[in-house]
Structures are given as structure tokens and as C-alpha cells.
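J.: Here's a sequence, model it:
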Amino acid sequence: MIMDKIREMKKSSKYLIGTGIIFLIISIPTFLDYDMFPRYDPSIGPHQLGSWVSFFFTFIGFILLIIGFSQEDI
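T.: Next up, the predicted model:
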């Protein structure tokens with residue numbers, strides 16, 4: 001029973017690490033190309049919505065990596 005829980009936690013931590021890496025990979029193009037997202041007002045700048053999306057993906061990716069690696073026995 002306890003060993004099953006440990007195996008299940010290790011499996012979930014691997015999913016968290018994989019998902020965190022995917023979020024970080026998704027955030028790279030949004031940092032590099034702000035024009036892929038629409039703008040609210042062209043006079044404010046092209047990075048208005050794109051920067052928030054990239055910061056969101058980066059933040060979520062790092063949080064998932066931290067949680068996933070903290071569950072591993074390293």
C-alpha cells in the first residue's frame with residue numbers, strides 16, 4: 001500500500017516535470033515574437049499581450065518544475 005503510493009507520486013512528479021518543460025518551451029517563441037498575439041492599442045506597443053502570455057507560461061513552467069523536482073528523491 002505504501003509502495004503503491006510512492007510509485008504513484010513518482011509518476012505524478014515525472015508528469016509535472018514534463019509539463020513544466022513543455023510550458024517553458026512554449027514560452028520561448030512568445031518571448032521572441034511578440035507579434036503572434038493581438039494588440040489592444042498599437043500606440044502602446046507590440047508587446048502588450050504577448051509579454052503577459054510569455055510571463056504566464058514561464059511562471060507556470062518554473063512552478064511545475066520546482067514542485068516536480070521537490071517530489072523526487074535527489
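
J.: What residues sit buried inside whatever helix or strand residue 4 lives in?
T.: Using DSSP states H and E, residue 4 falls within helix 2-32. If you call a residue buried by 16 or more other C-beta atoms under 10 Å, then helix 2-32 has these buried ones: 13, 16, 17, 20, 23, 24, 27, 30. From N, CA and C alone the C-beta is placed, and that goes for glycine too.

J.: Can you tell me the closest non-neighbouring residue to the second one?
T.: In space, residue 16 comes closest to residue 68 once its chain neighbours are excluded; the distance is 3.4 Å by C-beta to C-beta, 6 or more residues apart in numbering.

J.: same thing with the first one?
T.: If the residues on either side of it in the chain are set aside, residue 13 comes closest to residue 71, at 3.8 Å by C-beta to C-beta, 6+ apart.

J.: Next: the third one.
T.: Nearest non-adjacent residue to residue 17, counting by C-beta to C-beta, 6+ apart: residue 68, 3.8 Å away.

J.: could you give the angle of the host helix or strand of the one you found to helix 2-32?
T.: Assigned by DSSP H and E, residue 68 falls within helix 48-71. Following axes from the mean of the first three to the mean of the last three C-alpha atoms, to 10 degrees, one obtains 160 degrees for the angle between helix 48-71 and helix 2-32.

J.: then helix 48-71 to PDB, C-alphas only?
T.: The C-alpha coordinates for helix 48-71 follow below in PDB (Å, rounded to 0.1, in the frame of the first residue of the first chain):
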ATOM      1  CA  GLN A  48       1.400  44.300 -24.600                       C
ATOM      2  CA  LEU A  49      -0.500  40.900 -24.600                       C
ATOM      3  CA  GLY A  50       2.400  38.800 -25.800                       C
ATOM      4  CA  SER A  51       4.600  39.700 -22.800                       C
ATOM      5  CA  TRP A  52       1.900  38.700 -20.400                       C
ATOM      6  CA  VAL A  53       1.300  35.400 -22.100                       C
ATOM      7  CA  SER A  54       5.000  34.600 -22.100                       C
ATOM      8  CA  PHE A  55       5.500  35.600 -18.400                       C
ATOM      9  CA  PHE A  56       2.500  33.400 -17.500                       C
ATOM     10  CA  PHE A  57       3.900  30.300 -19.400                       C
ATOM     11  CA  THR A  58       7.300  30.900 -17.900                       C
ATOM     12  CA  PHE A  59       6.000  31.300 -14.300                       C
ATOM     13  CA  ILE A  60       3.800  28.200 -14.600                       C
ATOM     14  CA  GLY A  61       6.600  26.200 -16.100                       C
ATOM     15  CA  PHE A  62       9.100  27.000 -13.400                       C
ATOM     16  CA  ILE A  63       6.500  26.400 -10.600                       C
ATOM     17  CA  LEU A  64       5.700  22.900 -12.100                       C
ATOM     18  CA  LEU A  65       9.400  22.100 -12.300                       C
ATOM     19  CA  ILE A  66      10.000  23.200  -8.700                       C
ATOM     20  CA  ILE A  67       7.100  21.100  -7.500                       C
ATOM     21  CA  GLY A  68       8.100  18.100  -9.600                       C
ATOM     22  CA  PHE A  69      11.700  18.100  -8.600                       C
ATOM     23  CA  SER A  70      10.900  18.600  -4.900                       C
ATOM     24  CA  GLN A  71       8.900  15.400  -5.000                       C
END
